[in-house]
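>>> quick check, what structure comes out for this input:
(one chain, ligands or ions: 1)
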Amino acid sequence: MSTTKRSASSKGHNRCMMSRRDFLLYSGAATAVSIIPLTLFAGTSSETEVDARVVGYQRKKIAQLSNLKNHEPVYFQYPDDGPNSVAMLVKADIECGGGIGTTKDVIAFSMTCTHQGGPLTGAYKAQGEHRIVGQCPFHLSTFDLRRHGIMVSGQAFESLPQVLLELDGDDIYAVGVMGLIFGRVENLIDVEVS
Ligand code: FES
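As a prediction, this is how the structure comes out:
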């Protein structure tokens with residue numbers, strides 16, 4: 001068995017708008033692993049049927065919508081318990097790109113700065129119509145949460161990875177990550193493809 005690390009997130013790293021279909025594309029499978037039949041070298045003498053193991057982001061319940069209070073972040077780990085996996089869920093009380101809920105104001109982001117990994121926990125701010133994370137304590141980068149975490153000032157040049165969310169009744173699930181988490185070559189670790 002060969003071991004290969006994979007992520008679908010890097011495809012859309014700098015996208016500013018996203019549809020539900022895109023969410024699903026980024027997030028991969030709804031379950032962690034699925035097996036699909038695959039034909040290799042179709043139409044040639046080497047044609048082979050194999051079972052392909054498809055690995056996507058886990059669908060992880062992280063909160064209940066009814067328990068959220070405006071501007072009170074909830075911290076969780078995603079997409080795994082590996083390095084730099086701390087993320088923040090917040091009800092921003094204003095529509096945000098990628099937001100869920102009736103007013104599309106519930107969003108989630110990585111809490112590791114994309115510049116050199118500065119910790120952003122505790123750096124959420126609501127200022128007028130702006131919803132930001134920053135300044136990073138290391139080199140003062142600030143990220144705009146209403147626009148998918150784009151960097152608005154400071155040393156970083158990559159957007160803050162946005163955790164993709166789905167709402168199922170009152171339950172909020174993390175289903176993927178848009179953007180590469182700092183310190184990783186792929187968002188998903190310990191991923192195997194047979
Ligand atoms: S590590 Fe955050 S701005 Fe440098």
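
>>> show me what contacts Leu120?
By Cβ atoms under 8 Å, 6 or more residues apart in numbering, the residues touching Leu120 are 88, 110-113, 133-134, 136, 143, 160. Every residue, glycine included, has its C-beta placed from N, CA and C.

>>> among those, which ones lie close to the ligand?
Among the contacts of Leu120, the residues that sit close to the ligand (Cβ under 6 Å from any ligand atom) are 113, 136.

>>> and the contacts of Leu120, which of them are buried?
The neighbour count (16 or more other Cβ atoms under 10 Å) marks 88, 110-113, 133-134, 136, 143, 160 as buried among the contacts of Leu120.

>>> could you verify my assumption that Val85 touches Arg184?
One correction, residue 85 is Ser, not Val. No. Using Cβ atoms under 8 Å, Ser85 is not in contact with Arg184, being 9.3 Å away.

>>> tell me where this protein has strands.
Secondary structure of the chain (DSSP state E): strands at 33-40, 48-55, 60-64, 74-77, 86-91, 106-110, 124-127, 130-133, 142-144, 150-153, 162-168, 171-178.

>>> just the ones you listed: most buried one?
strand 106-110 (a mean of 26; mean count of other Cβ atoms under 10 Å).

>>> what's in contact with that one?
62, 65, 68, 76, 78, 84, 86-92, 96-100, 120, 131, 133, 143, 145, 149, 160-165, 167, 172, 174, 177, 179, 181-182.

>>> could you rerun that using 6 Å?
Residues outside strand 106-110 that contact it (Cβ atoms under 6 Å, 6 or more residues apart in numbering) are 87-89, 91-92, 96, 99-100, 145, 149, 160-163, 165, 181.

>>> cool, and stretch 165-172?
Stretch 165-172 is contacted from outside by 61-66, 100, 108, 173, 175, using Cβ under 6 Å, 6+ apart.

>>> from those, which is closest to the ligand?
The ligand lies nearest to Ala108 out of these, by Cβ to the nearest ligand atom, at 18.9 Å.

>>> beta partners of the closest residue to the closest one other than its chain neighbours?
Leaving aside its chain neighbours, Ala108 sits nearest to Val163 (3.7 Å; criterion: Cβ to Cβ, 6 or more residues apart in numbering). Bridge pairing for Val163 (DSSP bridges) gives the partners Val177.

>>> now swap in the one 4 residues further on and tell me
On the basis of DSSP bridges, Leu167 is bridged to Ile172.

>>> how far away is it from the ligand?
Separation of Leu167 from the ligand (Cβ to the nearest ligand atom, to the nearest Å) stands at 31 Å.

>>> next one: Pro119
Remark: distance between Pro119 and the ligand (Cβ to the nearest ligand atom) = 9 Å.

>>> just to revisit the earlier point, now for the contacts of stretch 165-172: which two are most distant?
Farthest-apart pair in the contacts of stretch 165-172 is Ser66 and Val175; separation 19.8 Å (Cβ to Cβ).
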